[in-house]
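# Here's a sequence, model it:
(chains A and B)
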Amino acid sequence: MIVTRLSLTDFRNYRSVDLDLAPGPNLFVGRNGQGKTNLVESLGYLGTLGSHRVSSEQAMIRQGADAAIIRARVSHEDKELLLEVQLNRTGANRAQVNRHQVKVRELPGYFSTVLFAPEDLALVRGEPSLRRRFLDELLVLRNPRLSAVLSDYDRVLRQRNTLLKSARAAGVRGNDLSTLDVWDERLITLGSELIEARGRLVAELQPRVAEAYVSVAGDDHHAMLASRLSVLAGDPDAESDEQDIRTVMAAEEVMARFRESLDRLRRSELDRGMTLVGPHRDDLVLELNGMPARGYASHGESWSFALALKLASAGVLRAESRVGDPVLVLDDVFAELDESRRGRLGAAVDDFEQVLITAAVFGDVPPALARNTVQIERGTIVDARNPTGDTEPTPVEERMSDVAD
Amino acid sequence: MYEGIVQELIDELGRLPGIGPKSAQRIAFHILQTEAFDVSRLAEVLVEVREKVRFCEVCGNVTEQERCAICRDPRRSAATICVVEEAKDVAAIERTREFKGLYHVLGGAISPIDGVGPEDLRIRQLMERLADGTVTEVIIATDPNLEGEATASYLSRLLVQPNLRVTRLASGLPVGGDLEYADEVTLGRAFEGRRVVQG
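Predicted coordinates for the structure are as follows:
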């Protein structure tokens, strides 16, 4: 899949910009704070309906404007699609595909992207929640239905935690306990589905991560993934034991172990007023030559692992895509890497249909990826190799019409 | 912003569910400008509804008498009770004309976040209605969301009695719609709840 043209209106610092993009690598160069990341952030939004920088969409609307519009023309083989989304300051956002209105949440079905960013290092070194989010985001891209399972699970968790807290406050009453069983049932059903789906995903990622690690790091270290499952853990507060690590488990077994753990931990759950087992307490363990990467891996090794995870997720999406490769976005990544990793990462992404790269320093990017370079300064394209030149504002009629009250 | 009482009217209307600021304004000006509009009649009904309407002693539906029209109707079968969350759900099911039994309005769904537990719902009254064995089937028609499902599963645990069938409304594809327009969650549920038609 290739983005042939990206147009932004009132998005971040761009009043209006139209940009033609080439197949293969596209490099955006500019000093920090000029708007390079904003360009790729807009495509990230189309692909994931989120931003890697902020949780609020409001920040993406240019100050003083009521709405931001992201418009991307994407092509795959001989098919062309025009994807549009309007982010509104007030009211619901709107989306169109080829000028026909669609639900905003359907957009990622038409466009997929994998973003590499400096923050990825935290996948290796940061908290378990970041690795859970990495897996969950990929799960939802592959199976949109799971986003409903994830949000239902979160809600059950909140309901159940509230109940545990109130049971603790009131002193345990028989009545509350019987309601707890009801929430347990939902927790187990939804939670087991997530555990099983994550497990299958980890198994798929595993060989790709190992391979990608070798190609990026340039050595033969063995990168391994495993799931640390709280439903298998003996004591939730004890440091990891070997027992709780497993990659794939059958759904029935997950449910049985989940139930056992809840039964065993009921006392401590009531004492602490919170749910102590479930996918919200699991972790994805990253190992390098049998040692946990978190804590043991060097800076360079950690980076290689983070890149390997992202390359593997791109590989998974690519393998089952019917609309070509996901568009890779490398946002300020090269500045973080040493010379040899830069070259090897460049080689690893070179066979993707389209790669968008941002960099503050031209020289950081391997020459092979600098074939199409766009210079960006204060929210305008000052020098593009495939310029459309003009940045005249989009006429009002072209805006997507507003929703009535 | 409008002056004094006009703005007050808009504000009051805007507090009603489903009415945004623009709709509130439209309704306010309709009241102000349309001669045919009988304001005193509306005011009377509003006051009356609060005075007269109460909840059916048996099922909890809205009524003006001790027992609602459905509970009083001798043609309705006393063998089946359909359990719903709100009185407006009774109206929805009545529109289908499919169901000939009686209702039981719980008055909500179990939701610890909102401070609603089983003891806050009309569950004890439901158990009392089942005590004499007249009822042979309870249909649980709570909303197909998390809280509704939790309430349904709570009831299904509670309602284990000899000679009592407990059923739950199916969830799945909307009738008359296109498969391609169904969202993933609904379609996924329809797969889960699929039926054997042959073999």
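
# secondary structure class for the closest residue to residue A:96 other than its chain neighbours?
Distance criterion CB to CB, 6 or more residues apart in numbering or on different chains; nearest residue to residue A:96, sequence neighbours excluded, is residue A:84 at 4.4 Å. Placement of C-beta: from N, CA and C, glycine included. Assigned with DSSP: H, G, I helix; E, B strand; the rest coil, residue A:84 falls in the strand class.

# Enumerate every residue touching residue B:121.
Residue B:121 makes contact with B:106-110, B:151, according to CB atoms under 8 Å, 6 or more residues apart in numbering or on different chains.

# hmm, try it at 6 Å
The neighbourhood of residue B:121, defined by CB atoms under 6 Å, 6 or more residues apart in numbering or on different chains, consists of B:106-108.

# Can you pull out the low-pLDDT segments for chain A?
Applying pLDDT under 70 to chain A flags residues A:171-177, A:234-247, A:379, A:382-405.

# which residues in it form helices?
A:36-48, A:121-125, A:128-142, A:145-170, A:174-217, A:251-272, A:293-296, A:299-320, A:339-349 (DSSP state H).

# again, but for chain B
B:4-14, B:21-33, B:39-52, B:69-72, B:87-96, B:123-130, B:146-158, B:184-192.

# Let's have the ones you listed in CSV, adding mean pLDDT.
Formatted as CSV, the helices of chain B follow (pLDDT from 0 to 100):
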stretch, mean pLDDT
helix B:4-14, 91
helix B:21-33, 90
helix B:39-52, 89
helix B:69-72, 94
helix B:87-96, 94
helix B:123-130, 94
helix B:146-158, 93
helix B:184-192, 81
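
# Out of the ones you listed, which is the most enclosed?
helix B:146-158 (a mean of 21; mean count of other CB atoms under 10 Å in any protein chain shown).

# For residue A:339, which of the helices of chain B is the nearest?
helix B:184-192 (45.4 Å; CB to CB).

# Centre-most residue in chain B?
Nearest to the geometric centre of chain B sits residue B:89, at 2.4 Å (CA atoms, centre = their mean).

# Tell me how far that residue lies from chain A.
Separation of residue B:89 from chain A (CB to the nearest CB, to the nearest Å) stands at 20 Å.

# Not counting its neighbours along the chain, what's nearest that residue?
residue B:141 (6.6 Å).

# measure that neighbour to chain A for me?
Distance from residue B:141 to chain A, by CB to the nearest CB: 17 Å.

# In contact with that residue, which residues?
B:82, B:84, B:169.

# Please apply the same query to residue A:205.
Contacts of residue A:205 by CB under 6 Å, 6+ apart are A:225, A:312.

# Name the residues of the stretch 151-300 of chain A found near chain B, please.
Contact residues (CB under 6 Å from any CB of the partner chain) of the stretch 151-300 of chain A with chain B: A:152, A:155, A:158-159, A:162-163, A:179, A:182, A:185.

# try it again with 8 Å
Proximity of the stretch 151-300 of chain A to chain B (CB under 8 Å from any CB of the partner chain) is limited to residues A:152, A:155-156, A:158-160, A:162-163, A:166, A:175-176, A:178-179, A:181-183, A:185-186.

# Filter the residues you listed down to the buried ones and hand me the PyMOL line.
Entered in PyMOL, the line below selects the buried ones among those, by 16 or more other CB atoms under 10 Å in any protein chain shown:
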select buried, chain A and resi 152+155+156+159+160+162+163+176+179+182+183+185+186
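
# Take the helices of chain A and write them to TSV, including distance to residue A:285.
Output for these, formatted as TSV (distance: least, CB to CB, whole Å):
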stretch	distance to residue A:285
helix A:36-48	25
helix A:121-125	11
helix A:128-142	9
helix A:145-170	21
helix A:174-217	10
helix A:251-272	18
helix A:293-296	8
helix A:299-320	12
helix A:339-349	23
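
# any idea which of those is most buried?
helix A:36-48 (a mean of 24).

# pretty sure residue B:102 is touching residue B:83, no?
No - the pair residue B:102 / residue B:83 is not scored as a contact, 10.2 Å apart, by CB atoms under 8 Å.

# Now do residue A:232: how many residues are near it, please.
Residues lying near residue A:232 (other CB atoms under 10 Å in any protein chain shown) number 22.

# any idea how far residue A:226 is from it?
Distance of residue A:232 to residue A:226, given as CB to CB, to the nearest Å: 11 Å.

# and if you look at residue B:76?
In terms of CB to CB, residue B:76 sits 60 Å off from residue A:226.

# what's the answer for residue B:81, then?
51 Å.

# Neighbour count for these two, which is higher?
residue B:81 (22 against 17).
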